[in-house]
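1. here is a sequence together with a model predicted from it:
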Amino acid sequence: MRKITVSNDFFAGAGEALKHGQTVKLLIGGQSMYPFIRGGIDLVEVVPCPTEGELPAWCCPFYQWEGKYMIHRYIGREGDDCLMLGDGNVARIERVKREDIIGLLKTIYRPDGTTQDCCDVRWLKKAEWWYRLRFLRRWLLPVFKMLHVR
């Protein structure tokens, strides 16, 4: 498979498609969602997000933050802000307005042909436990990468 690196502006097109009710598939770069999503390897499917209402616990919204488009884990609310943290991040929490959330991660497509339903209760429970272990991520992430854990 040929790999193309595009600027974050490319994702603005995906954001527009989602706003018009379309589903998009994206190859995400970066390691901020490792070990749940492997950047540059896993293909993700994002569906439009309802403009109102509470987000499902531990879901992964597609949103715009500081001019960039991202998919990170929803970890809760504080006032009017939705709080996001990448699974591969140790500390940086993004505060996102609800209206900046455009889509929700639905499916991860792995190169070996397997898929992960991102609405599956067991997958979301694993994400919750991973969040609770964030104080150990500094040590766990390098070990997981060395062992090719996903």
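-> Structure received.
2. show the pLDDT at the closest residue to residue 118 other than its chain neighbours.
-> Leaving aside its chain neighbours, residue 118 sits nearest to residue 105 (4.6 Å; criterion: CB to CB, 6 or more residues apart in numbering). Where C-beta positions appear, they are placed from N, C-alpha and C, glycine not excepted. Listed pLDDT for residue 105 reads 98.
3. ok, now residue 6?
-> For residue 6, pLDDT reads 55.
4. the residue nearest to residue 118 bridge partners, please.
-> residue 46 (DSSP bridges).
5. can you report how many residues neighbour it?
-> Counted with other CB atoms under 10 Å, the neighbours of residue 105 add up to 26.
6. before we move on, what about residue 131?
-> 15.
7. could you do residue 86 as well?
-> Neighbours around residue 86, by other CB under 10 Å: 21.
8. look up the closest residue to it, ignoring the ones flanking it.
-> Excluding the flanking residues, the one nearest residue 86 by CB to CB, 6+ apart is residue 32, at 3.4 Å.
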